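Trainee: Dropping a prediction and its sequence here:
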Amino acid sequence: MRFLKKALLVSALAAAPLMGFGAAQAQDVKIGFIVKQPEEPWFQDEWKFADQAAAEKGFELVKIGAVDGEKLMAAIDNLGAQGVQGFIVCTPDVKLGPGMVAKAAANDMKMMTVDDRLVDASGAPIESVPHMGISATKIGETVGDAIMAEIKNRGWNIADVGAIRVSYDQLPTATDRVEGAISVLKAGGFPEANIFDAPQAKTDTEAALNAATTVLNAHPDIKYWVAFGLNDEAALGAVRATESVGIPAENVIAIGIGGAESAINEFKKPDPTGFAGTVIISPRRHGYETALNMYEWIANDKAPEPLILTSGTLATRDNYEQVRKDLGIE
């Protein structure tokens, strides 16, 4: 019996240094998370969920906003100077890809991208950088399906309906989303001549409002409108534009993408507006899962999958609370 106790004590003492070493390793891991628009709720949620991964695993998370290419390159150097071993980034410009890869290598850091995928000089995706993105075309198709279902539900004559394509074509994700929606509208018999482009200077609500207002003023004869774009802000801007020119809410169907707080607030208003739904993408996966993947890559040399594409779920005024709960957002 005495021999057994002694053996157990020796085993415990032998294991102790290994346990301590593992804990120290976790504490020594530093991961960066760079986003292009830190003031937007989507990116704030990504950071929030990345913080959860950091708390669970015990690594340090360094969060930086970089709204343009110059700030992005400086942010990568900043992370390198802080001893960060790897970072996740949503770039303000996907064409900065080759420069970012070189900058990460120069600082001896691993790199993953989230939301927007890097491209090389020819415009092809840089496949050597692991990426978690959004299946933009499928999400756009979900938007189109929602619009067509609501047109049918309201009993509109499709020939009398105009569509506002709030566009930001310099971003491939934006193009894929709106083209996905348009493909469904066309397949459902929506007249191509009734689809109007509304280019926005930025991806916020004000820019979308200005772009959509131009389209509405150019076609005062159209009484029924649908609208869609890159995000919730695009759809909300179009809704605000219809309100400004006196089009009633029951004559408007706008479907957003993202499930931002601004979209949820729209559902909470006492009376329905023209904002009929949003395709919610889970920021939890894009924040928590990417941070966890980077941690595993640094601490355990387990590289992430090269490409992970997430999808979205349609939420409306009637079901948004349950959808958010199911996605782990609430």
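Mentor: Good, I have the coordinates. If you're wondering where the values come from, they're calculated on a predicted model, not measured in any experiment.

Trainee: what's across from the residue nearest to the spatial centre of the chain in the sheet?
Mentor: The structure's the chain has its C-alpha centroid closest to D115; by CA atoms, centre = their mean the separation is 5.2 Å. With beta bridges defined as DSSP bridges, D115 has these partners: G133.

Trainee: I am assuming it contacts I134, so please confirm or correct that.
Mentor: Yes - under the contact definition of CB atoms under 8 Å, D115 touches I134, with a separation of 6.7 Å. Every C-beta, even on glycine, is put in place using the N, C-alpha and C of the backbone.

Trainee: Pull up the overlap in contacts between those two.
Mentor: Both D115 and I134 are contacted by T173, under the criterion CB atoms under 8 Å, 6 or more residues apart in numbering.

Trainee: Show me the strands in the chain, by range?
Mentor: Secondary structure of the chain, counting by DSSP state E: strands at 30-35, 60-65, 86-89, 110-115, 131-134, 161-167, 195-199, 224-228, 252-257, 275-281, 307-310, 312-315.

Trainee: and the fifth one, how far from the chain's centre?
Mentor: Right, the one you point to is strand 131-134. Centroid separation for strand 131-134 versus its chain: 9 Å, with CA atoms, centre = their mean, to the nearest Å.

Trainee: Equivalent analysis for the first one, please.
Mentor: Between the mean C-alpha point of strand 30-35 and the mean C-alpha point of its chain there is a distance of 16 Å (CA atoms, centre = their mean).

Trainee: Dihedrals phi and psi, G155?
Mentor: Note on G155: backbone dihedrals following degrees, to the nearest 10 are phi 70, psi 30.

Trainee: ok, it - how many residues close by?
Mentor: The local packing count at G155 equals 6, with neighbours defined by other CB atoms under 10 Å.

Trainee: And it, what's its pLDDT?
Mentor: The predicted structure scores G155 at 98 on the pLDDT scale.

Trainee: And I222, by the same measure?
Mentor: As predicted, I222 sits at a pLDDT of 98.

Trainee: For the closest residue to it other than its chain neighbours, name its beta-bridge partners.
Mentor: In space, and not counting its chain neighbours, I222 is closest to G162: 3.9 Å by CB to CB, 6 or more residues apart in numbering. When bridges are called by DSSP bridges, G162 pairs up with W225.

Trainee: Please report the distance of G162 from P172.
Mentor: 26 Å (CB to CB, to the nearest Å).

Trainee: Tell me which of these two has more neighbours.
Mentor: With neighbours defined as other CB under 10 Å, G162 and P172 compare such that G162 has more, 20 against 15.

Trainee: which residues of the stretch 101-250 of the chain fall in helices?
Mentor: 136-154, 172-187, 205-218, 232-244 (DSSP state H, counting those that start in this stretch).
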